[in-house]
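Student: Generate a structure from the sequence data that follows.
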Amino acid sequence: MERSVLKKWVRPGLDALPSPKASWIGFLFLLWMLWIMVTPWLDRLIYPLKYEHLILNSAEATGADPFLVMAIIRAESQFQPEEESAVGAQGLMQLMPETLDWMIQRGGFSPALREYIRDPAINIHMGSWYISYLTKRYNGNKVAVMAAYNCGHNRVTRWLNQGVWDGTRQGAARIPIKETREYVYRVSFYYQKYKECYQHLLRDDQHFLEDQQL
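Tutor: Model (predicted):
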């Protein structure tokens with residue numbers, strides 16, 4: 001009697017359960033949805049951003065790509081404003097004294113900026129101006145900009161003119177200087193990551209040069 005009652009009430013419930021195949025599909029779907037929700041948070045944790053208001057303001061003022069500014073800061077200083085290299089590069093964007101002197105002369109900036117180059121606002125603005133200059137010089141080729149930021153625009157221009165390097169990331173193995181090759185790979189990777197993570201920071205009316213294939 002008890003077994004008959006148990007069968008009467010329990011069996012329909014068991015029959016109503018989804019098949020093992022359907023259960024697996026549902027479980028995998030839930031995992032996929034969870035991954036979609038969690039991935040942006042994890043990416044922003046791995047690729048943090050500081051001084052975003054300074055970066056966006058300077059990018060808008062100079063015409064530089066803000067994501068390239070972010071990527072270069074990440075590669076150069078890890079967003080540490082007091083960083084100084086063994087050769088004297090200073091601040092968030094690791095500006096060399098001779099590069100700063102050239103920018104002051106070329107852009108008509110006040111020489112007093114030399115005294116404040118560690119200040120994040122000044123450092124980011126000058127670095128953004130230089131990135132904008134390089135972007136125009138290389139007709140929007142951001143890969144060439146990355147290389148020039150690392151080893152100097154005269155050297156990169158010579159490589160391009162002499163056919164030593166074609167200016168692409170795919171051809172970066174032909175860059176003669178190992179440090180610059182690795183820098184191009186690193187910054188182009190950061191560029192994609194920061195663009196994926198922080199595209200939402202841009203206003204709808206902000207437009208920058210179309211990306212060259214990285």
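
Student: what sits against the residue nearest the centre of the chain?
Tutor: Centroid-nearest residue in the chain, with CA atoms, centre = their mean: Tyr191, separated by 2.7 Å. Going by CB atoms under 8 Å, 6 or more residues apart in numbering, Tyr191 touches 67-68, 70-71, 142, 214. Every residue, glycine included, has its C-beta placed from N, CA and C.

Student: Domains in this structure, by residue range?
Tutor: 2-46, 52-201 (automatic domain parsing).

Student: which one of those domains has the most crowded surroundings?
Tutor: Greatest average neighbour count among the domains of the chain goes to domain 52-201 (a mean of 18), per mean count of other CB atoms under 10 Å.

Student: picking up where we left off before, in the contacts of Tyr191, find the pair that's most separated.
Tutor: Met70 and Leu214 (14.4 Å; CB to CB).

Student: sorry, back to before: next, the residue nearest to the centre of the chain: phi, psi?
Tutor: phi -60, psi -50 (degrees, to the nearest 10).

Student: What separation is there between it and Gly171?
Tutor: Going from Tyr191 to Gly171 by CB to CB, to the nearest Å gives 17 Å.

Student: next one: Pro97
Tutor: 32 Å.

Student: Thr135 now?
Tutor: In terms of CB to CB, Thr135 sits 19 Å off from Gly171.

Student: how far out from the middle of the chain is stretch 169-186?
Tutor: 17 Å (CA atoms, centre = their mean, to the nearest Å).

Student: can you list contacts of it?
Tutor: Contacts for stretch 169-186 (CB under 8 Å, 6+ apart): 75, 143, 146-147, 150-151, 159, 164-166, 188, 213-214.
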